[in-house]
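Student: predicted model follows, preceded by the sequence.
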Amino acid sequence: MSDLHGWLAHVPAARWIPLFDTDDTLTVRTHLRGPARDRRILTRAPSFDAAMIDLIETGLQDDTWTGLLYLMGLGDTAQEFTPLYIGKTERRGKTHS
């Protein structure tokens, strides 16, 4: 097991959520965008959008929260996961009075 897999297995808030909305054959659904509705783009999974909103809203309530780390890849568990992209967000521009 790699260091990444071991670390992922112990992250309590880790979530395994599909990024894209797919049909029964795992074909990604698309939709049209743009002023002329002439650009076809991939459709995010509703569960992904809901998880992101929940994570961010929860994080913004915590004064020690500095952002989140997100990984896109293949696999349903920490042990099976193959990362394709790793990114991070930072908490910036939010003022609490």
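Tutor: All right, it came through fine.
Student: list the contacts of the lowest-mean-pLDDT helix or strand in the chain.
Tutor: Among the helices and strands of the chain, helix 3-9 carries the lowest confidence by mean pLDDT, DSSP states H and E, at a mean of 85. For helix 3-9, contacts defined as Cβ atoms under 8 Å, 6 or more residues apart in numbering pick out 1, 14, 71, 78-79, 81, 83. Any C-beta I mention is one placed from the backbone N, CA and C, and that applies to glycine too.
Student: swap in stretch 18-28?
Tutor: Applying Cβ under 8 Å, 6+ apart, the contact partners of stretch 18-28 are 29, 42-48, 72.
Student: in strands, which of those appear?
Tutor: Residues of the contacts of stretch 18-28 located in strands (DSSP state E): 42, 72.
Student: buried subset of the contacts of stretch 18-28 as a PyMOL selection?
Tutor: Command for PyMOL that selects the buried part of these, burial taken from 16 or more other Cβ atoms under 10 Å:
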select buried, resi 44+45
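Student: which residue ranges of this structure form helices?
Tutor: Under the criterion DSSP state H, the chain contains helices at 3-9, 46-60.
Student: circling back to that earlier point, okay if I get the contacts of stretch 18-28 as CSV plus distance to residue 87 and pLDDT?
Tutor: Shown next, in CSV, are the contacts of stretch 18-28 (distance: Cβ to Cβ, whole Å; pLDDT from 0 to 100):
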residue, distance to residue 87, pLDDT
29, 23, 96
42, 17, 96
43, 20, 96
44, 15, 94
45, 17, 94
46, 21, 95
47, 19, 93
48, 14, 91
72, 8, 90
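Student: need the contacts of stretch 18-28 in CSV with distance to residue 61, can you?
Tutor: What follows is the contacts of stretch 18-28, written out as CSV (distance: Cβ to Cβ, whole Å):
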residue, distance to residue 61
29, 33
42, 31
43, 29
44, 24
45, 25
46, 23
47, 22
48, 21
72, 26
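Student: now, among the contacts of stretch 18-28, which is nearest to residue 65?
Tutor: residue 48 (19.9 Å; Cβ to Cβ).
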